[in-house]
Each structure stands twice: as structure tokens, then as C-alpha cells.
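*Asks:* Starting from these lines, generate the structure:
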Amino acid sequence: MAEPRIDTRSNRHLLRKLVVVAALMFGFGWALIPIYRTICEITGINILTGKDPEAERRAANTQVDRTRTIVVEFDANRQGPWRFRPEVNHLEVHPGELVHVEYDLVNLEDRAMVGQAIPSYAPMQSARYFNKIECFCFKQQTLAARETRRFPVVFFVDPELPKDIGTITLSYTFFEVPGAAPAQAQIGRERRS
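*Replies:* Take a look at the predicted model:
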């Protein structure tokens, strides 16, 4: 019985194809990050919010529209060992009025954790008319073991909000940032400062 002949040329050809496929898969995976961010910005879903430097200026220049009332509903969701809820479930606000609400957050673990809040809005088109001046969602939050904190949200609804929108829901999802929990000593130093 003769041994099967190994065709080295076809093996090299197959190897080249596999290397190209692996490179394309890596490139596609790398490109998904900016594609995901772009889709989130367009749809208004899971936007990691940064502070809007113009929001404070717009708030100072905005006239309060007392002829109109908007109901703002507050929602809180969590991913992980937290207790997270708004101080109030809803408020009636006038467009242009500066509003202050607070959210309670409790770390239910016996270890320090770092978390991040992601806001979302309903209806989605209301997101561009909802201006936050101060928000815990602007940066990651560190809580010590079993720590309870209150976080403020200061905002105003732009008077340019379309007239057919009478209710806006502001929903936050708070989740742990894996691998970001600082050592207990670091939390102690932060509290003393």
C-alpha cells in the first residue's frame, strides 16, 4: 500500500487563505467598536455621556416656558450587586426650568466596586432636548464595601422640545466596571481628601 502524497503547494495555499481570514476577522472585530459607538449615537442608546460644556451656558440663557408642563419620569436599572433607585419617580417641569433630582446607590458587596451609569431616554428624539448640567453618569463612581451614596442630576428640558412630547423618561442602568475596583487603601485616601 502506497503512502498518500502530501501536496505542499496546496497546504501553503490553504495556510495563506487561513491567515487572510484571520486578519479579516481581527480587522472586523477591531472596527466593531467605532461602528457600535456610531450606532449608539444615532439611536441614542447606551451613550456614555460626557459633560456638555455648553449646557450651563444654555441654561443661563433659557427662558422658562410656564405655559407648558412636561412630565419627566425617572427609572433605575442595575447590572450587578447594587441597590439603585431615584429619589422620586416623576416630576412635572416647565421647559427651561432648572431641576435637581437625586438617585440613591448602595454597594451590596463586602468589597469596593467601581460602577458606571448609562442614560437612555424615551422617546428617543427627546434626548437632544434633555440637557444635563451635573450628572453622576459623567464619570465612573467608586463605592466602598456596603457604602450608600446619593448622586445628583441637574438638568433642564430645552423649550424647543417638540409640542407633541409631553412625557420624557430618563432611565439609567448602573453596572460594575470589571477590573476597575481600587484597593481599600485607595478608597480611604479618597475619603480623607
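*Asks:* show me where this protein has helices.
*Replies:* With DSSP state H as the definition, the chain shows helices at residue ranges 8-43, 55-61, 184-192.
*Asks:* For Lys132, give its distance to Pro152.
*Replies:* With the distance defined as C-beta to C-beta, to the nearest Å, Lys132 ends up 10 Å from Pro152. (C-beta placed from N, C-alpha, C; glycine too.)
*Asks:* what's the answer for Trp82, then?
*Replies:* 18 Å.
*Asks:* If you count surrounding residues, which of Lys132 and Pro152 has more?
*Replies:* Neighbour count, other C-beta atoms under 10 Å: between Lys132 and Pro152, Lys132 has more, with 18 against 14.
*Asks:* now the closest residue to that one other than its chain neighbours, which residues is it bridged with?
*Replies:* When the adjacent residues along the chain are set aside, Lys132 lies closest to Phe155, with 4.6 Å between them (C-beta to C-beta, 6 or more residues apart in numbering). Taking DSSP bridges as the rule, Phe155 bridges to Val99, Lys132.
*Asks:* Quick check, Phe155 in contact with Tyr129.
*Replies:* No: contact criterion C-beta atoms under 8 Å: Phe155 and Tyr129 do not qualify, at 10.4 Å.
*Asks:* So between these two, which is more surrounded?
*Replies:* Phe155 (22 against 18).
*Asks:* ok, that one to Glu73 distance?
*Replies:* 13 Å.
*Asks:* tell me, what's touching these two both at once?
*Replies:* Leu170 (C-beta atoms under 8 Å, 6 or more residues apart in numbering).
*Asks:* so who does the closest residue to Glu134 other than its chain neighbours touch?
*Replies:* With sequence-adjacent residues excluded and distances taken as C-beta to C-beta, 6+ apart, Glu134 is closest to Val154, at 4.0 Å. Counting by C-beta under 8 Å, 6+ apart, Val154 touches Leu98, Val99, His100, Lys132, Ile133, Glu134, Cys135.
*Asks:* rerun that using 7 Å as the cut-off
*Replies:* Val154 makes contact with Leu98, His100, Ile133, Glu134 under the criterion C-beta atoms under 7 Å, 6 or more residues apart in numbering.
*Asks:* Thr167 too?
*Replies:* Per C-beta under 7 Å, 6+ apart, neighbours of Thr167: Val71, Glu73.
*Asks:* Tyr103 now?
*Replies:* Tyr103 neighbours (C-beta under 7 Å, 6+ apart): Ala76, Phe84, Arg85, Pro86, Glu87, Phe136, Phe151, Val153, Tyr172.
*Asks:* Against Arg83, how distant is it?
*Replies:* 11 Å.
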